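Participant: no letters, just coordinates:
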């Protein structure tokens, strides 16, 4: 993949220069390397240069990056950001009880204001954890889009729907996608967002594929979330969830298909995915899989057939956090364990998942995911001066296995600083937490006996 | 277990009072609960009171704990602290290559100064991560003891030995244990520290058990580290490593036996452990097991036979970090996954492992591990105001699954503040990192072709 051409250097001072950092870069084989004592120049939201040479550029804003690593901002490839409001509400349960007894009853209470406050808290958490882009799949997404724009984050958004909503669900998802695609100078992109093959029927999935084709939109959904779903799908329809997506035409969508989880992807799905006519990617959120006692996403098998696997957190009601840094470490650790092979999923591979593969997963493989001229300036600075990150024998391992999300000191999107020295610059956290706290009793009330949907795969 | 009796309140001001915090406490069934708006009074290094009532106590030092949870300091039940110097030196390798090609050749270069600097860096990392006590198993332990005393941490220390050292190894381990036991007003306790049944022969283990009995010392060793060791032991000797420990008399040691790892403990070992005549505990360090693709420690089976399982990190050369907070979260997550049961190892159970079970594992079950009158004042304050720990529906889940080691703001041992608002008060981190960095080239040189030992189980 070639980054966009370097823009001709404008006259006048640059907007931002970061000096003295160690910059994580990719070579033309996409191998990860590090440029020592690097300067990164940003102009008009775009990276102009990354160099280890002396760099006497005048700039409006300067950041001293000494003792820090500059790397592409993390990308949360699948979450439900407003669900941070439900963090810890339903612990230590199998997924069917989690959905049917807690989440879907509670979600029948959701108001626009709950969604707004939850999304704002989630954006605060992600900015503090070094996330610069998130793919969100939820309800009231006009509200989420407004909060994402306010926060300064990049976002890839889809309005979720079930077939139980009738054709209106799909139409609402389409209207949302068309209304916001390319908003905020391109920071907002959109997808059609059917919930999953077990809640959206075959005809509705096929109609979604047709709408996606017609409007050039990508599709983001849950599929093969766990092995039980795949087994039940085979028993009911004689087809796996992945085969259902193929039959609906979703694997051939030119603008791409993002599949959340895929821990139930089995061997017979691999040739189906390998034969996809459009770009298909999988988002993996390993913390929640451990917690629900699901298998891990088959990352090695997917890599072997060229399917990008992006990092994700899912919603905080199951995952407890939106910590993509932890997802990066756990992806490495869990894959070694699951494959019985300590040599697999090295730190450099984990960083490749965190950068270019995650960018491709959200359809932004040409715009973000590496620190290279022409890419959008989505950059985080990671402090390595703490005792837990010293000494450094292998910088990739230090980043993946020693550093933590809390070591991110500065978060930048499109060249705009959203967090500096751990201080949030775009969002008011205390007032958000306070008002959300006041609303929680009404939100979590389950005495009404309703639920928005039934979990029955 | 009954905490020591409450000391009669001395006259004059207390040494320390923490006010306005939420205090994690255990009831008489050892169930975990929380006292809101609590005050904790400390005198002479001991907790005098923990109360949710108004508390008009005069104190020399006051800490405002609002927005924070006070909990017993974490206990790292098995580490090799100086090995932080080798963090990241040997990545993505099976354990035999890790030992034979990297660690044991490099350790033949170790100097007292390397050990000192490594231990100091490790203590800094642990204090910053909310650890108040660590069980160390390494070489040059006089030096480690001096650093532990300087740092203010509590430590349970053993001088490691192999049978390849002859009887001198065992004698050196004994002399160390006798020299330091009870040092620093009881902050230092000691153990005999044979390396493992695959490096210390049966006669040497039996002699160790005899010395332990004679001197009233506990024993700390590696055993059944992974399944392959158990299988090899069965093939070679017809006995599992646990059975070898029993035959040596180590399971009947009155002062206790601490077994590191135990991921190779199999069903036939359970009645052997259940029949132990002395207190036996296991230390689990789950990050490294994932990384080496080992099975997890069988925590549920051990709980069912009453064996405490303490939390640990192992050395940073394999584990990459000394983050016991992460060990707590991973123990919960990995056990759910391994048992195929999302209901097992709840957050409250994880906190029980982190507190009372870890205290028992290091032989300090009567002195630390809970915030109760009469216990030593080993306390950490955890800040829950960050976006990633809000809102709080279930405080135990917030602590285990949302909070991170970096959220610890204050670390106190024996009533002495070792870190306040993230600032280390007892150790000079920059000079330690600088000098260690200068020594690394000589330390990691492997051109000499020597190694201190051979890994061949």
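Facilitator: Nice, thanks for sending it over. Just so it is clear, the model here is predicted, and its values are computed rather than measured.

Participant: list the contacts of the closest residue to chain B within the stretch 151-300 of chain A.
Facilitator: Closest residue of the stretch 151-300 of chain A to chain B, CB to the nearest CB: residue A:290 (3.8 Å). Quick note: C-beta positions are derived from backbone N, CA and C, even for glycine. Contacts for residue A:290 (CB atoms under 8 Å, 6 or more residues apart in numbering or on different chains) come out as A:330, A:334, B:333, B:334, B:336, B:337.

Participant: for ChimeraX, write the select line for the buried members of those.
Facilitator: Here is the ChimeraX selection string for the buried members of these, based on 16 or more other CB atoms under 10 Å in any protein chain shown:
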select /A:330,334 /B:333,334,336,337
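
Participant: which one of the contacts of residue A:290 is nearest to residue B:228?
Facilitator: Of all the contacts of residue A:290, residue B:228 sits closest to residue B:334, with 19.0 Å by CB to CB.

Participant: that closest one looks like it's in a helix, true?
Facilitator: Yes: assessed with DSSP: H, G, I helix; E, B strand; the rest coil, residue B:334 lies in a helix.

Participant: quick one: residue A:182 and residue A:188 touch, right?
Facilitator: Yes: if you go by CB atoms under 8 Å, residue A:182 and residue A:188 touch, sitting 7.0 Å apart.

Participant: those two: which is more packed in?
Facilitator: residue A:188 (20 against 10; other CB atoms under 10 Å in any protein chain shown).

Participant: now do the phi/psi pair for the residue of the stretch 151-300 of chain A closest to chain B.
Facilitator: Main-chain dihedrals, residue A:290, degrees, to the nearest 10: phi -60, psi -40.

Participant: rewinding a little: redo the contacts of residue A:290 as JSON lines? Include distance to residue A:215.
Facilitator: Below are these laid out as JSON lines (distance: CB to CB, whole Å):
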{"residue": "A:330", "distance to residue A:215": "36"}
{"residue": "A:334", "distance to residue A:215": "37"}
{"residue": "B:333", "distance to residue A:215": "40"}
{"residue": "B:334", "distance to residue A:215": "44"}
{"residue": "B:336", "distance to residue A:215": "42"}
{"residue": "B:337", "distance to residue A:215": "40"}
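
Participant: kindly reformat the contacts of residue A:290 as a markdown table containing distance to residue A:238 and pLDDT.
Facilitator: Below are these laid out as a markdown table (distance: CB to CB, whole Å; pLDDT from 0 to 100):
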| residue | distance to residue A:238 | pLDDT |
| --- | --- | --- |
| A:330 | 34 | 98 |
| A:334 | 31 | 98 |
| B:333 | 35 | 98 |
| B:334 | 35 | 98 |
| B:336 | 32 | 98 |
| B:337 | 30 | 98 |
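
Participant: what's the closest of the contacts of residue A:290 to residue B:397?
Facilitator: The nearest member of these to residue B:397, counting by CB to CB, is residue B:333 at 12.1 Å.

Participant: how close does that closest one get to residue A:321?
Facilitator: Noted for residue B:333: a distance of 12 Å to residue A:321, by CB to CB, to the nearest Å.

Participant: overlap of the contact sets of those two?
Facilitator: Taking CB under 8 Å, 6+ apart as the criterion, residue B:333 and residue A:321 both touch residue A:287.
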